[in-house]
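*Asks:* coords please:
(2 chains)
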Amino acid sequence: MSSSQKKILLVDDDRLTLQLFCRALSDQGFHCFPASSAQEALIILKSELPDIILSDYHMPIFDGFMFRRRILNDKRLKNIPFVFLTSFTNTELMQRGLEMEAVDYIDKETPVNVVVSKLNNILHTIRKQHEKSIYEIRVAAEALNLRSVPAQPPQVSEYYINFLYQSFENYPGGDFIDFIEIEDKYTFVILGDVMGKKWGAWFFSFNFLSYIRSAVRLCVFDGDFSTASILQKINKVILMDPVLGDVLSTLSLLMLEHTTGKVHYSGAGDLPIIWYKAKDQSCEQLSSDGLLLGVRQDGGYDERIIKLESGDQLIMVSDGMIDFEEEGSKKTDYELFFEKMRNKLGQHTSFTQIKNETFSTEKSKELIDDCSLIFIEKN
Amino acid sequence: MMIETHQRSNYTEAKLLIKEANLDVAEQFKSEIQHLVDRGHTHIIVNFENVAYVDSSFLGALVSVLKYCMSKKGDIAVAGLNKDISNLFNLIRMNKVFKVFNSLPDAFA
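*Replies:* Now for the predicted structure:
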């Protein structure tokens, strides 16, 4: 099943109706979960989250209204569009159903193709309303100049730095990127991912970014250029923050020394950085030791110093980059990502190739989280 | 309920009944585990044997309940991770945050 295929839960004690609707909806591209009772439907709902539920009113023991009430009392399920299916055109029943926040009701006598169109229309209207709400929030965020990703990469003569960012289904997510240049001598590169998705994670990413920016500046003022020490300070402050205490984030922090080519690297629960060494034409994974920000006082942050030579390349990524969807099932596979990158690195056009391969319009449709990638090459 | 609980020797097994542990179920998971902890089940092993995929929202919820449980002098461990999830745990050092068991142990303290 592809991620774009709409899932529908059909509940009816009449097996013939169930089969008929299931076949018609499957023909129209829906993925159907048939249930011949409300109890069976609730079992399905433990592991599946359909896009829409179509349920009969009249079922023995556990009727459609009781089923609807159970759904409304479940935070995880209550927002799934619910449509009643009935062979009774009783106004009182219809009214009762609509009062229980059912989106609509459909008479069983309605031709199946009309039912399919009706369901498609409902899903289409809901999607449009949703897109409108997202658009309005996005406009407001832009007006407030809230950005978790910079508009442009920094221009540093000793390095080529660029980045890619792709939101998930147009939602901003928890990924954040920033570059801080210090007196033309150092550039700090920040890539983090607040754990969570969509607006919740996006909102907290600003708080994390603020702390990180402040910590970098304050440490530099004090002459402390250790990325591990900066990370330790950020972690301490985050643990003390009553709002962020329950929010976790990964972080990769690099400090590029402009003149020497030395790169200082510390990480918090982040994915390994890929280092392409031009001299050996080989790729290596650089791992850090630290725990996610906000987990424990002692995050165990270490610092690695590597020396980049001309033509060496680095790639930093957020976890959305290593999620793959194959034949309807999702998996997380860093090694698969590493192999894909290995073929692209070491060329003049590496960044463009990665962009075309991983961030093409076609590939973006397969994403299951927001994705970020930072590319650095020593000139 | 998205977890099924079983009382084991000196801990509670919380078996996840879902295939995908993601944002959609993260909040519910948190509230069900917190509820368990509040009822005195302070040593819990979350059994992932039914789970094929975990996203970062769910991992966030898992760490969050660990912190809650530790504040009540308890602990949470994980068991039954498939290969991909186990690799992810190692990659982002979650294996340093949680005790990881291949299968349910005889005892957990």
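*Asks:* any bit of stretch A:299-307 sitting next to chain B?
*Replies:* Yes: counting by C-beta under 8 Å from any C-beta of the partner chain, contacts between stretch A:299-307 and chain B involve residue A:300. C-beta here means a position set from N, CA and C on the backbone, and glycine is covered the same way.
*Asks:* tell me the buried residues in that stretch?
*Replies:* For stretch A:299-307, the buried set under the neighbour-count rule, 16 or more other C-beta atoms under 10 Å in any protein chain shown, comprises A:299, A:301, A:303, A:304, A:306.
*Asks:* which of those residues lies closest to chain B?
*Replies:* Ranked by distance to chain B (C-beta to the nearest C-beta), the buried residues of stretch A:299-307 are led by residue A:299 at 9.5 Å.
*Asks:* hang on, the closest one packs against residue A:268?
*Replies:* Yes: when contacts are counted by C-beta atoms under 8 Å, residue A:299 is listed as touching residue A:268 (6.2 Å).
*Asks:* overlap of the contact sets of those two?
*Replies:* Residues touching both residue A:299 and residue A:268 (C-beta atoms under 8 Å, 6 or more residues apart in numbering or on different chains) are A:231, A:235, A:290, A:291, A:293.
*Asks:* which of the residues you listed fall in helices?
*Replies:* The helices, defined by DSSP state H, take in A:231, A:235 from those.
*Asks:* and the two most separated of the shared contacts of residue A:299 and residue A:268?
*Replies:* Across those, no pair lies farther apart than A:231 and A:291, at 10.1 Å, counting by C-beta to C-beta.
*Asks:* quick one: which of those two has more around it?
*Replies:* residue A:231 (26 against 23; other C-beta atoms under 10 Å in any protein chain shown).
*Asks:* overlap in contacts of residue A:231 and residue A:291?
*Replies:* Residues touching both residue A:231 and residue A:291 (C-beta under 8 Å, 6+ apart): A:268, A:299.
*Asks:* among the shared contacts of residue A:299 and residue A:268, which one sits closest to chain B?
*Replies:* For the shared contacts of residue A:299 and residue A:268, the nearest to chain B is residue A:291 (5.5 Å; C-beta to the nearest C-beta).
*Asks:* and what about the closest residue to that closest one other than its chain neighbours, helix, strand or coil?
*Replies:* Leaving aside its sequence neighbours, residue A:291 sits nearest to residue A:299 (C-beta to C-beta, 6 or more residues apart in numbering or on different chains; 4.7 Å). Put simply, residue A:299 is coil when judged by DSSP: H, G, I helix; E, B strand; the rest coil.
*Asks:* who does the most centrally placed residue in chain B bridge with?
*Replies:* Residue closest to the mean C-alpha point of chain B, counted by C-alpha atoms, centre = their mean, is residue B:46 at 3.2 Å. On the basis of DSSP bridges, residue B:46 is bridged to residue B:14, residue B:78.
*Asks:* so it makes contact with residue B:81?
*Replies:* No: applying C-beta under 8 Å as the test, residue B:46 and residue B:81 come out as separate, 9.8 Å apart.
*Asks:* in stretch A:91-102, what's buried?
*Replies:* Judged by neighbour count (16+ other C-beta under 10 Å), stretch A:91-102 contains these buried residues: A:93, A:94, A:96, A:97, A:102.
*Asks:* follow-up on the earlier one: give me the distance between the residue nearest to residue A:291 and residue A:60.
*Replies:* According to C-beta to C-beta, to the nearest Å, residue A:299 and residue A:60 sit 58 Å apart.
*Asks:* equivalent analysis for residue A:356, please.
*Replies:* Counting by C-beta to C-beta - residue A:356 and residue A:60 are separated by 58 Å.
*Asks:* show me where the stretch 1-150 of chain A dips below the pLDDT cut-off.
*Replies:* A:1-4, A:88-89, A:142, A:144-146 (pLDDT under 70).
*Asks:* quick revisit: show me which of residue A:356 and residue A:60 is the more surrounded one.
*Replies:* For residue A:356 and residue A:60, the more surrounded residue by other C-beta under 10 Å is residue A:356, and the numbers stand at 12 against 8.
*Asks:* residues from chain B in reach of chain A?
*Replies:* B:1-2, B:17-20, B:23-28, B:52-57, B:59-60, B:63-64, B:67, B:84-85, B:87-88, B:91-94, B:96-97.
*Asks:* which segments of chain A make up each domain?
*Replies:* Here the domain parsing of chain A from automatic domain parsing is A:7-141, A:148-378.
*Asks:* of these, which is nearest residue B:13?
*Replies:* Residue B:13 sits nearest to domain A:7-141 of all the domains of chain A, at 17.2 Å, using C-beta to C-beta.
*Asks:* which residues touch the residue nearest to the centre of chain B?
*Replies:* Taking C-beta under 8 Å, 6+ apart, we find residue B:46 in contact with B:3, B:14, B:16, B:33, B:62, B:76, B:77, B:78, B:79.
*Asks:* now do the helices in chain B.
*Replies:* Assigned by DSSP H, chain B shows helices spanning B:23-38, B:56-71, B:83-91, B:94-97.
*Asks:* what's in contact with the last one?
*Replies:* So the one you mean is helix B:94-97. So helix B:94-97 is contacted by A:269, A:291, A:292, A:295, A:296, A:300, B:59, B:63, B:66, B:88, B:89 (C-beta under 8 Å, 6+ apart).
*Asks:* C-alpha coordinates for it, CSV please?
*Replies:* What follows is helix B:94-97, C-alpha atoms only, in CSV (Å, rounded to 0.1, in the frame of the first residue of the first chain):
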residue,chain,number,x,y,z
MET,B,94,19.4,5.4,23.0
ASN,B,95,21.1,2.2,24.1
LYS,B,96,22.9,4.3,26.6
VAL,B,97,19.7,5.7,27.9
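*Asks:* and it, how far out from the chain middle?
*Replies:* Distance of helix B:94-97 from the chain centroid (C-alpha atoms, centre = their mean, to the nearest Å) equals 12 Å.
*Asks:* would you mark the buried spots in that helix?
*Replies:* Result for helix B:94-97 [16+ other C-beta under 10 Å]: buried residues B:94, B:96, B:97.
*Asks:* before we move on, what about stretch A:117-136?
*Replies:* Applying 16+ other C-beta under 10 Å to stretch A:117-136 flags A:119, A:120, A:122, A:123, A:134 as buried.
*Asks:* go on, stretch A:149-160?
*Replies:* For stretch A:149-160, using 16+ other C-beta under 10 Å, the buried residues are A:149, A:153, A:154, A:156, A:158, A:159, A:160.
*Asks:* swap in stretch B:64-72?
*Replies:* Neighbour counts over stretch B:64-72 (16+ other C-beta under 10 Å) mark B:64, B:65, B:66, B:67, B:68, B:69 as buried.
*Asks:* what about the nearest residue in space to residue B:42 that is not next to it in sequence, how many residues nearby?
*Replies:* In this structure, residue B:42 finds its nearest non-sequential neighbour in residue B:74, 2.9 Å apart by C-beta to C-beta, 6+ apart. Neighbours of residue B:74 under the rule other C-beta under 10 Å: 19.
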